[in-house]
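Asker: can you look at this prediction? I've put the sequence above it.
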Amino acid sequence: MNVSAPSVLVNMLWCVPGGVGGSEEYLVRQLLGLAEQPEPRWQATVAAARGLPAAHPELAAVTTMVEPEFESHGRVRRIIGESTWLRRHTGGVQLVHHGGGTAPLRAHRPYVLTIHDLQFRTYPQYFSTVKRAYLQAVIPRSAKRASVVAVPSDYVRGCVIEAYGVQPERVLVVPHGIEPALAHDITPEAELRQRYGLGEGPVIVYPAVTHPHKHHEFLLQMMRDHWTDPELRLVLTGGVGMAEHVVAACTDRRVCRLGRVPAADRNGLLAMSAAMVFPSQYEGFGAPLIEAMTLGAPVVCSDATCMPQIVGDAGLVRPLVPEAWASVLDEAGRRRDQLVAAGHQRAQAFTSKASGAALAAAYGRALEYA
């Protein structure tokens, strides 16, 4: 790296590999994009949760990654580590970036704070009492003390400004970035059909952890009442969440719950799908929408939160009522070529390089406010 480049310490101690959902990929991809920017590039050091460098060797290749001696699984242990171990590593850097929505009480300033979403305010019932109280206490203070708050979408930007009174010019959108090379890492369709017993009929895919707001039960209802083709398969990928019992109780043999699958399989399932169906009730961005577009899958999603803005006219955006979704698979089939072409074009605006450029702009703005 250029020795004259400005320096930033990125706090990813909260980012337990595989345990924090899409926010892990979000930060990793934008830091990869940051490394693609023209000189002078930011000299980034990542304070990484244990195991993160091994999980993301591509990030370790373009940044300096430092692991602490403590694990990050427990919130109390991590908070103590941020106030002690992390603070010792901030000496000499020009900027700190806290990527998990909160900053330590005695945080080194100036700092950039990434707020991924404010779901805990919209759906408090999906959070434990302790976690909700922690977020309600820490996020407002962290946001008000930040030089810049980075958010993934205009929707979240508006929420942060309204909720915490942060000056609008200090809240900047840093969108998700998807690597175009994603489309090169694909398991062949025939292999996937055999491995997962998908038969020869149409396949629709929902890649999401079974959290309540992901609204898997809506798709199960659609399969029961409207999407009755006996050869159709609904493929559910992603980890186990608080609403796993809803999926587990389904007895429809056409619903295939695969859990976490290798990246190449996930990509292949999307590429072969008749549609990627995404009935989420809340998203700060919804990266699978852009991933599906990159991979050539028609997108059907709800009209909640940021999703209409992210998808635009490159997919079928519908309200979350069964009548509005009853015929979407037929429409996606009729318009497949058009939707795939529009999706590919839309995805070009959401590359990791573009995300890295937006992050670099946020870092620059933060130094102006230092």
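Answerer: Sure, I can see it.
Asker: flag every buried residue along the lowest-mean-pLDDT helix or strand in the chain.
Answerer: Every helix and strand of the chain was ranked by mean pLDDT, DSSP states H and E. The lowest is helix 75-83, at a mean of 86. Going by neighbour count (16 or more other Cβ atoms under 10 Å), the buried part of helix 75-83 is R78, I79, G81, E82. Where C-beta positions appear, they are placed from N, C-alpha and C, glycine not excepted.
Asker: got a list of contacts for whatever helix or strand comes next after it?
Answerer: Using DSSP states H and E, the helix or strand that directly follows helix 75-83 along the chain is helix 85-88. When contacts are taken as Cβ atoms under 8 Å, 6 or more residues apart in numbering, the neighbours of helix 85-88 outside the stretch itself are N11, L13, A47, P68, E69, F70, P104, R106, H108.
Asker: would you mind writing the ChimeraX command to select the buried ones in these?
Answerer: What follows is the ChimeraX syntax for the buried subset of the contacts of helix 85-88, where burial is set by 16+ other Cβ under 10 Å:
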select :11,13,47,68,70,104,108
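Asker: ok, R29 to L359 distance?
Answerer: To L359, R29 is 10 Å away according to Cβ to Cβ, to the nearest Å.
Asker: ditto for H245
Answerer: Separation of H245 from L359 (Cβ to Cβ) stands at 38 Å.
Asker: give me the domain ranges for the chain.
Answerer: 7-177+351-368, 180-347 (automatic domain parsing).
Asker: just give the nearest non-adjacent residue to Q221, would you?
Answerer: Nearest in space to Q221, with sequence neighbours left out and distances taken as Cβ to Cβ, 6 or more residues apart in numbering, is P322 at 6.4 Å.
Asker: mind checking how far the one you found is from E217?
Answerer: Computed as Cβ to Cβ, the P322 to E217 distance reads 12 Å.
Asker: comparing these two, which residue is more hemmed in?
Answerer: Just comparing P322 and E217: by other Cβ atoms under 10 Å the higher neighbour count belongs to E217, 16 against 12.
Asker: what sits against the more buried one?
Answerer: For E217, the contacting residues are A243, V246, taking Cβ under 8 Å, 6+ apart as the criterion.
Asker: so which helix or strand takes in it?
Answerer: With the criterion set as DSSP H and E, the secondary-structure element containing E217 is helix 216-225.
Asker: so how many other residues sit close to A249?
Answerer: Tallying neighbours of A249 according to other Cβ under 10 Å, which is how burial is gauged here, yields 9.
Asker: roughly how far apart are it and G356?
Answerer: 43 Å.
Asker: can you check V16 too?
Answerer: V16 sits at a distance of 23 Å from G356 (criterion: Cβ to Cβ).
Asker: the more surrounded of these two?
Answerer: Counted by other Cβ under 10 Å, V16 and G356 do not tie: G356 has more neighbours, with 23 against 18.
Asker: nearest residue to that one in space, please, no chain neighbours.
Answerer: Among residues not flanking G356 along the chain, G33 sits closest, at 2.4 Å (Cβ to Cβ, 6+ apart).
Asker: if we can go back for a sec, out of the contacts of helix 85-88, who's nearest Q94?
Answerer: When those are compared for distance to Q94, the smallest value, 10.3 Å, is given by H108; criterion: Cβ to Cβ.
Asker: I figured that closest one was touching H98, is that so?
Answerer: No: contact status for H108 versus H98: not in contact, 9.8 Å apart, counting by Cβ atoms under 8 Å.
Asker: so T45 lies in a strand, does it not?
Answerer: Yes: if the criterion is DSSP: H, G, I helix; E, B strand; the rest coil, then T45 is within a strand.
Asker: so it bridges to which residues?
Answerer: L9, T64 (DSSP bridges).
Asker: how about it, what does it touch?
Answerer: So, once contact is read as Cβ under 8 Å, 6+ apart, T45 ends up touching S7, V8, L9, V10, T63, T64, M65, V66, H89, V93.
Asker: need the mean per-residue confidence for stretch 284-299.
Answerer: Stretch 284-299 shows a mean pLDDT of 96 in the predicted model.
Asker: distance from that stretch to the middle of the chain?
Answerer: Here the centre of stretch 284-299 is set off from its chain's centre by 11 Å, with Cα atoms, centre = their mean, to the nearest Å.
Asker: and what of stretch 119-126?
Answerer: Its chain's average C-alpha position is 17 Å from that of stretch 119-126, according to Cα atoms, centre = their mean.
Asker: next: stretch 79-96.
Answerer: For stretch 79-96, the distance between its averaged C-alpha position and the chain's averaged C-alpha position is 25 Å (Cα atoms, centre = their mean).
Asker: buried residues of that stretch, list them for me.
Answerer: By neighbour count with 16+ other Cβ under 10 Å, stretch 79-96 contains the buried residues I79, G81, E82, W85, L86, H89, T90, V93, Q94, L95, V96.
Asker: what about it, how long is it end to end?
Answerer: From its first residue to its last, stretch 79-96 covers 16 Å (Cα to Cα, to the nearest Å).
Asker: mind checking how far P152 is from C15?
Answerer: Going from P152 to C15 by Cβ to Cβ gives 15 Å.
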